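1. fold the following.
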Amino acid sequence: MALTRSFKDTVKERAIRDRAFRVGLLEEAVAALLRDDLETGKILLRDYVNATVGFEQLAVATHKNPKSLMRMLSVEGNPRADNLFSVIAALQKSEGIALGVHASS
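-> Numbering: from 1, shown residues only. Sure, this is the predicted structure:
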């Protein structure tokens, strides 16, 4: 059975109307990275970017080429830590939040 709407469109529409969803998506992306799940973290960051600021605006904020950012957050991408943290910092600023780390046992 075929889906009537693309996943990307569904995520974008929800992100537009639901700030908590957007913030949760960004939080989950960073949490995945901290759990050493780079693939999931990159996919979630890419979904977040596509649903919110877009790669052109992110490129301006990070002083990076939009195609480089797209490659970096692709399944095959292998971002350097400084580039990844630059992206996360720009996304936090765009969303108006500050993510933090809390230790748990």
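
2. element containing the residue positioned nearest the centre of the chain?
-> Taking Cα atoms, centre = their mean as the criterion, Leu45 is the residue nearest the geometric centre of the chain, at 1.9 Å. Of the helices and strands defined by DSSP states H and E, Leu45 is found in helix 38-51.

3. tell me which residues are up against that helix.
-> 8, 11-12, 14-16, 22, 25-26, 28-30, 32-33, 55, 58, 69-70, 72-75, 77, 79, 87-88, 91 (Cβ atoms under 8 Å, 6 or more residues apart in numbering). Using the backbone N, CA and C atoms, a C-beta is placed for each residue, glycine as well.

4. keeping just the C-alphas, turn it into CSV.
-> Only the C-alpha atoms of helix 38-51 are listed here, as CSV (Å, rounded to 0.1, in the frame of the first residue of the first chain):
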residue,chain,number,x,y,z
LEU,A,38,26.2,9.1,14.2
GLU,A,39,24.0,7.8,11.5
THR,A,40,20.8,8.4,13.3
GLY,A,41,22.0,11.8,14.6
LYS,A,42,22.9,12.9,11.0
ILE,A,43,19.5,11.7,9.6
LEU,A,44,17.6,13.5,12.4
LEU,A,45,19.6,16.7,11.9
ARG,A,46,19.0,16.5,8.1
ASP,A,47,15.2,16.1,8.8
TYR,A,48,15.3,19.0,11.1
VAL,A,49,17.1,21.3,8.6
ASN,A,50,14.8,20.3,5.8
ALA,A,51,11.7,20.9,8.0
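
5. return the set of buried residues in the next helix-or-strand element following it.
-> Per DSSP H and E, the first helix or strand lying C-terminal to helix 38-51 is helix 54-62. By neighbour count on 16 or more other Cβ atoms under 10 Å, the buried set for helix 54-62 is Phe55, Leu58, Ala59, Thr62.

6. same check, this time on stretch 21-40
-> In stretch 21-40, counting by 16+ other Cβ under 10 Å, buried: Arg22, Val23, Leu25, Leu26, Glu28, Ala29, Val30, Ala32, Leu33.
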